[in-house]
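K.L.:
model the following, please.
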Amino acid sequence: MFLVLIGSLLGECIGWTTQQAGRVVHDIAPIKAHQHEQLGSGSEQLLWWHTEDAFHPLRGDYIGMFCLRNPDRVPTTFANLKGLGELSADQRRLLMEPHFTIRPDNSHQQKVLSDIGAQAAQGASYDAIERMNERPDKIAVLFGDPAEPYARLDPYFMDPVEDPPGAQQALDALKAILDRDLRDLVLQPGDVCFIDNFQGVHGRKPFKARYDGTDRWMKRVNVVRDLRKSREIRASSTSRIMN
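P.N.:
Predicted coordinates for the structure are as follows:
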């Protein structure tokens with residue numbers, strides 16, 4: 001509740017039907033079956049930096065994390081977009097055109113949900129995710145003001161770009177800048193962190209989990225500034241869950 005109260009200063013906390021059984025507040029802790037997956041509940045694989053829910057046009061404006069436990073000082077990684085000024089004008093133009101695809105990340109896949117009842121109830125929402133996975137829309141990865149653009153990125157779930165010439169090279173240049181600028185942030189119990197999901201990316205370093213109730217444990221929320229934009233995919237005007 002504390003994290004939701006803080007998030008409400010920025011906007012409305014929302015959840016996804018296809019993620020953590022539709023909960024608004026997520027638990028982020030290692031699960032043994034996910035240890036090699038690109039998931040917050042993974043551990044031994046590097047969680048690549050990304051925009052949260054980058055595949056979806058109605059993704060959150062902010063992501064908030066509240067640390068409950070981190071005895072091994074596992075770093076959250078993050079980078080802002082200040083280095084994008086190093087891109088050439090042609091690179092920036094290509095990145096602001098719809099040449100790129102981002103598929104739904106693993107946290108929205110039906111295979112990671114263990115609650116069978118919830119799985120059945122959410123079948124239609126998972127069908128929509130599967131359609132996005134099979135036929136992802138072409139999008140721009142930079143948008144807004146060309147001088148200070150916003151970003152929408154999830155390299156692990158992006159396909160190579162063959163056309164037009166130079167688009168993949170422009171994306172590689174952007175990725176190299178963010179790789180270089182990536183920093184570590186070690187959250188300790190009681191720490192709260194909010195990341196602008198339009199102006200930054202985040203990830204997590206790999207670690208060895210014990211699965212004994214003492215591993216890293218975070219609470220997470222997604223926050224939107226304008227809830228009305230998502231009305232068509234919520235069950236009611238008062239619902240905070242995206243279907």
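
K.L.:
which residues does residue 69 bridge with?
P.N.:
Beta-bridge pairing of residue 69, defined through DSSP bridges, involves residue 217.

K.L.:
test my guess that it contacts residue 210.
P.N.:
No - the pair residue 69 and residue 210 does not pass the contact test of C-beta atoms under 8 Å, sitting 11.7 Å apart. C-beta here means a position set from N, CA and C on the backbone, and glycine is covered the same way.

K.L.:
identify the residue nearest residue 189 in space, chain neighbours excluded?
P.N.:
Nearest in space to residue 189, with sequence neighbours left out and distances taken as C-beta to C-beta, 6 or more residues apart in numbering, is residue 67 at 5.6 Å.

K.L.:
right, and the helix or strand after the helix-or-strand element of the chain with minimal mean pLDDT?
P.N.:
For the chain, scoring each helix and strand by mean pLDDT, DSSP states H and E identifies helix 116-121 as the least confident one, at a mean of 45. Going down the chain from helix 116-121, the next helix or strand is helix 123-134, by DSSP states H and E.

K.L.:
and the longest helix seen in the chain, what's its mean pLDDT?
P.N.:
When every helix of the chain is counted residue by residue (DSSP state H), the longest turns out to be helix 167-181. Mean pLDDT, helix 167-181: 98.

K.L.:
following element in sequence after it, please.
P.N.:
Secondary structure here is assigned by DSSP H and E; on that basis, the next helix or strand after helix 167-181 toward the C-terminus is strand 183-185.

K.L.:
in that following strand, what's buried?
P.N.:
By neighbour count with 16 or more other C-beta atoms under 10 Å, strand 183-185 contains no buried residues.

K.L.:
tell me how far the most centrally placed residue in the chain lies from residue 214.
P.N.:
For the chain, the residue sitting closest to the mean C-alpha position, by C-alpha atoms, centre = their mean, is residue 52 at 1.6 Å. Using C-beta to C-beta, to the nearest Å, residue 52 is found at 27 Å from residue 214.

K.L.:
quick one: low-confidence ranges for the chain?
P.N.:
Counting by pLDDT under 70, the chain has low-confidence residues at 110-124, 126.

K.L.:
which residues are in contact with the residue located most distally from the centre of it?
P.N.:
When distances to the mean C-alpha position of the chain are computed (C-alpha atoms, centre = their mean), the maximum falls on residue 165, with 28.2 Å. The contact partners of residue 165, taken as C-beta atoms under 8 Å, 6 or more residues apart in numbering, number zero.

K.L.:
restrict the longest helix of the chain to CA atoms and write it as CSV.
P.N.:
Taking C-alpha atoms only, helix 167-181 is exported to CSV below (Å, rounded to 0.1, in the frame of the first residue of the first chain):
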residue,chain,number,x,y,z
ALA,A,167,17.7,1.0,-39.6
GLN,A,168,19.4,-1.9,-37.9
GLN,A,169,22.7,0.0,-37.7
ALA,A,170,20.9,3.0,-36.1
LEU,A,171,19.3,0.7,-33.5
ASP,A,172,22.7,-0.9,-32.8
ALA,A,173,24.2,2.6,-32.3
LEU,A,174,21.3,3.5,-29.9
LYS,A,175,21.9,0.2,-28.0
ALA,A,176,25.6,0.8,-27.7
ILE,A,177,25.0,4.2,-26.1
LEU,A,178,22.6,2.8,-23.5
ASP,A,179,25.0,-0.2,-22.8
ARG,A,180,27.7,2.3,-22.2
ASP,A,181,25.6,4.6,-20.0
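
K.L.:
from the chain's centroid, how far away is it?
P.N.:
Counting by C-alpha atoms, centre = their mean, to the nearest Å, helix 167-181 is centred 18 Å from the centre of its parent chain.
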